[in-house]
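Participant: below are the sequence and a predicted model for it; my questions follow.
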2 protein chains.
Amino acid sequence: MKFTATCPTPISDHPHVLLAHGGGGRLMQQLIDKLMRPAFDNPLLAQQHDGAVIEFVGTRLAFTTDSYVVRPLFFPGGDIGTLAVNGTINDLAMCGARPRWLSAGFIIEEGLPMEMLARVVESMRAAAKAARVEIVTGDTKVVDKGKGDGLFVNTAGIGVIEHTGAISPASVRPDDAVLVSGDLGRHGIAIMSVREGLQFESVIESDCAPLADLVLRLLDAGIEIHCLRDLTRGGLASALNEIAATARVRIEVDERAIPVREDVQGACEILGLDPLYVANEGRFVAVIPERSAADALAILREHPLGAGACRIGSVAATGEPLVTIRSRIGATRILDLLSGEQLPRIC
Amino acid sequence: MKFTATCPTPISDHPHVLLAHGGGGRLMQQLIDKLMRPAFDNPLLAQQHDGAVIEFVGTRLAFTTDSYVVRPLFFPGGDIGTLAVNGTINDLAMCGARPRWLSAGFIIEEGLPMEMLARVVESMRAAAKAARVEIVTGDTKVVDKGKGDGLFVNTAGIGVIEHTGAISPASVRPDDAVLVSGDLGRHGIAIMSVREGLQFESVIESDCAPLADLVLRLLDAGIEIHCLRDLTRGGLASALNEIAATARVRIEVDERAIPVREDVQGACEILGLDPLYVANEGRFVAVIPERSAADALAILREHPLGAGACRIGSVAATGEPLVTIRSRIGATRILDLLSGEQLPRIC
């Protein structure tokens, strides 16, 4: 979640910043809503999107940023470098933009092995090349030993919006279909398995991947996309809550329809995690008109990164802004935001 | 210095990143030239500028980024927030761009007093408002206590280039005039006085300020600016060395013409610093045609931020790429890059 979401929650004051303020849950929303949004109030920030959409000389640009503080720096399926490139590409993609130019800012802790820095830089190079974006400007800072954690990477990105639609929570309509682009939970579990030293039968790799091609294919096919959100910190549950709160709609999903791989489900059970709150780095949720749902799914499934796309629910015709989930046994409950973090420093 | 400078120096391998790799000197150049530039090689990065200049639908955009890790967070004349906004504005200004949109990425150490974060955010709001830029997108991350240093802030910025000139080291010509926009060394001394607990007769405040208006006035007056560089990490000496190396020209400056306030000079002597290497956050060097030097100085001096503008030297008619300085007693010596940092974590 970026400075872009809002949720009508009570503000509770904490005199100090907690780890939970960065976890993608309610505390982070409060920090953003209480502190960041009022200070930087402007029409672009008020769009409440994964990036700002800037009108410029008859065209539209998307602009976004993310700092990456993932721990450990290297994990199955990627590293902080692949994450920093793909994560910002994905924020641009969620605006329906074609990602073009990235910046890279490195905050390096004194003593980081040069070889590790070189591996991260190489990952960024490869990820940028694969996604056909250019890293055009950058900056390096070094902080004293003990005042950082190896390496933090910030990327900002500019994309070009070539379509004319309004991809935004404000475009969400009653009876829209809710799709996800594939199975959930792999990034978070890949990180946790390294941190906790867990070994599963097979290595669970992060789903970290660039999502722009998938989104652009939908747009090229004329699908009217109402809203997109990538499923990073806080996972599917948080993304749906952000959309429901901003769009002032009720979203209903069906647990049986939500794809979670068996090994990921098993790992979640061992770790005491709910896969609906676990971070993904190559998955998004799309809200589109009911009439386009089948076409959109077919287009997504043609692409390797969307092969596991599913419809998981709908926007309700009426109802207050919240997310409900129908469980495997048929009971319906509210799928709420977590208060703090389930998994700190996942991205 | 960003990923934008190059200098023909021998590469010395260090197995670990040193604090000096972030200091704005030769080691930082090596890190960038050896590791960053080859990986992210593309025509925009090769411009070797404070920001990338992007050609887009018949216009030009400047794009830049900087992470700010200054210690302490608050200092006379500013804080990490004013620095993060003005510093990125200044990188855009050095491309001759009108700064328009900024992103803000916060990496917060768990336990930071919320009140300190709020003060920094307020500083950013005020600095953005004063410079008529909008902070349009942002991100917050929290890292565990002991894995950060209170607060790091990244900003990236987009500016619009409204003139048609090529402000770049490649435009520098023999016999060009070299100007600075005001007195040097205040930012570095303001930081050091807090760190070292030094008290001088008067408080020396940072010169932190947005420079875009000054540059735009020169452009509006039709001054043909050949090159601009703000005098941050590594100070005037490093900026001149970057320009000389990239433009393949010899730059000659006169120490007696370089403005340094008496209290700053005194503080430098106490601290064992050379003001020519001390960071500024509201000063730049401009290389312009000899014929425009007087007009440019007059325009700069009309503005409060350029009241102390001076001509400090010239580009030589011939000579190998280096910087020479004529001292107060008339001797000429090479003004070289420092190897590492004189003042770590100054910005």
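Facilitator: Cool, got the structure.
Participant: tell me how many other residues crowd the closest residue to chain B within the stretch 151-300 of chain A.
Facilitator: Here the residue of the stretch 151-300 of chain A nearest chain B is A:Ala156; by Cβ to the nearest Cβ that distance is 3.3 Å. For the C-beta atoms, the positions are set from N, CA and C on the backbone; glycine is no exception. A:Ala156 has 32 neighbours, counted by other Cβ atoms under 10 Å in any protein chain shown.
Participant: just checking, it touches B:Gly138?
Facilitator: No. Assessed by Cβ atoms under 8 Å, A:Ala156 is found out of contact with B:Gly138, at 10.2 Å.
Participant: for these two, list the residues in contact with both.
Facilitator: Applying Cβ atoms under 8 Å, 6 or more residues apart in numbering or on different chains, one finds that A:Ala156 and B:Gly138 are jointly contacted by A:65, B:103, B:105.
Participant: could I get those as JSON lines with neighbour count?
Facilitator: Below are the shared contacts of A:Ala156 and B:Gly138 laid out as JSON lines (neighbours: other Cβ atoms under 10 Å in any protein chain shown):
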{"residue": "A:Thr65", "neighbour count": "28"}
{"residue": "B:Ser103", "neighbour count": "30"}
{"residue": "B:Gly105", "neighbour count": "27"}
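Participant: which of those lies closest to B:Ser206?
Facilitator: Nearest to B:Ser206 among those, counting by Cβ to Cβ, is B:Gly105 at 22.3 Å.
Participant: name the single longest helix found in chain A.
Facilitator: Ranked by residue count, the top helix of chain A under DSSP state H comes out as helix A:114-130.
Participant: so, low pLDDT: which residues of the stretch 201-347 of chain A?
Facilitator: For the stretch 201-347 of chain A, the stretches flagged by pLDDT under 70 are A:340-342.
Participant: where along it do the strands fall?
Facilitator: A:227-230, A:251-254, A:284-288, A:310-315, A:323-326, A:332-334 (DSSP state E, counting those that start in this stretch).
Participant: just the buried positions in the fourth one, please.
Facilitator: It refers to strand A:310-315. Buried residues in strand A:310-315, counting neighbours by 16 or more other Cβ atoms under 10 Å in any protein chain shown, are found at A:310-315.
Participant: rewinding a little: what's the spacing between the residue of the stretch 151-300 of chain A closest to chain B and B:Ser339?
Facilitator: Applying Cβ to Cβ, to the nearest Å, the value for A:Ala156 to B:Ser339 is 31 Å.
Participant: likewise A:Ser202?
Facilitator: Distance from A:Ser202 to B:Ser339, by Cβ to Cβ: 49 Å.
Participant: between these two, which is the more surrounded one?
Facilitator: Legend: neighbour count by other Cβ under 10 Å for A:Ser202 and B:Ser339, higher for B:Ser339 (15 against 8).
Participant: follow-up on the earlier one: C-alpha coordinates for the longest helix of chain A, CSV please?
Facilitator: Output in CSV follows, covering the C-alpha atoms of helix A:114-130 (Å, rounded to 0.1, in the frame of the first residue of the first chain):
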residue,chain,number,x,y,z
MET,A,114,30.9,-5.7,-2.9
GLU,A,115,30.1,-9.1,-4.5
MET,A,116,26.5,-8.9,-3.0
LEU,A,117,26.0,-5.4,-4.3
ALA,A,118,27.2,-6.5,-7.7
ARG,A,119,24.7,-9.4,-7.7
VAL,A,120,21.9,-7.1,-6.8
VAL,A,121,22.9,-4.7,-9.5
GLU,A,122,23.0,-7.5,-12.0
SER,A,123,19.6,-8.7,-11.0
MET,A,124,18.3,-5.2,-11.6
ARG,A,125,19.9,-5.0,-15.0
ALA,A,126,18.4,-8.3,-16.0
ALA,A,127,14.9,-7.5,-14.6
ALA,A,128,14.9,-4.1,-16.4
LYS,A,129,16.0,-5.7,-19.6
ALA,A,130,13.4,-8.5,-19.4
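Participant: for it, what is the average pLDDT?
Facilitator: Averaging pLDDT along helix A:114-130 gives 96.
Participant: could you give the angle of the helix or strand following it to helix A:114-130?
Facilitator: As assigned by DSSP states H and E, the chain's next helix or strand after helix A:114-130 is strand A:134-143. With axes from the mean of the first three to the mean of the last three Cα atoms, to 10 degrees defining the directions, strand A:134-143 sits at 160 degrees from helix A:114-130.
Participant: partners of the helix or strand encompassing A:Ser103 in the sheet?
Facilitator: Element membership for A:Ser103 (DSSP H and E) is strand A:97-109. Strand A:97-109 sits in its sheet next to strand A:134-143 (parallel), strand A:151-161 (antiparallel), going by DSSP bridges.
Participant: okay if I get these as JSON lines plus distance to A:Leu216 and mean pLDDT?
Facilitator: Conversion of the strands paired with strand A:97-109 to JSON lines gives the following (distance: least, Cβ to Cβ, whole Å; pLDDT from 0 to 100):
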{"stretch": "strand A:134-143", "distance to A:Leu216": "17", "mean pLDDT": "95"}
{"stretch": "strand A:151-161", "distance to A:Leu216": "10", "mean pLDDT": "98"}
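Participant: closest one to A:Ser193 among the ones you listed?
Facilitator: strand A:151-161 (20.8 Å).
Participant: helices or strands up against the helix or strand following the closest one?
Facilitator: The first helix or strand that comes after strand A:151-161 along the chain, using DSSP H and E, is strand A:177-180. Secondary-structure packing of strand A:177-180 (3 or more Cβ pairs under 8 Å, 6 or more residues apart in numbering or on different chains; DSSP states H and E): strand A:284-288, helix A:293-302, strand A:310-315.
Participant: which positions in the stretch 151-300 of chain A make contact with chain B?
Facilitator: Taking Cβ under 8 Å from any Cβ of the partner chain as the contact definition, the stretch 151-300 of chain A meets chain B at A:152, A:154, A:156, A:158, A:160.
Participant: quick check: bridge partners of the third one?
Facilitator: Following DSSP bridges, A:Ala156 is listed with bridge partners A:Thr65, A:Ser103.
Participant: which residues sit in contact with it?
Facilitator: Contacts of A:Ala156 (Cβ under 8 Å, 6+ apart): A:63-66, A:88, A:102-103, B:65, B:103, B:105, B:154, B:156.
Participant: closest to A:Val287 among these?
Facilitator: Set against A:Val287, the nearest of the contacts of A:Ala156 by Cβ to Cβ is A:Thr64 (19.4 Å).
Participant: that closest one: what's it in contact with?
Facilitator: Residues counted as contacts of A:Thr64 (Cβ under 8 Å, 6+ apart) are A:2, A:50-52, A:88, A:91-92, A:95, A:156-157, B:103, B:137.
Participant: isn't A:Arg345 up against B:Ile108?
Facilitator: No. Using Cβ under 8 Å, A:Arg345 is not in contact with B:Ile108, being 12.0 Å away.
Participant: next, show the common contact partners of those two.
Facilitator: By Cβ under 8 Å, 6+ apart, the residues touching both A:Arg345 and B:Ile108 are A:22, B:141, B:143.
Participant: how near is the second one to A:Ile346?
Facilitator: This means B:Lys141. B:Lys141 is 10 Å from A:Ile346, by Cβ to Cβ.
Participant: compare the two (neighbour count), which wins?
Facilitator: Between B:Lys141 and A:Ile346, counting by other Cβ under 10 Å, A:Ile346 is the more crowded of the two (29 against 25).
Participant: all good on my end, thank you.
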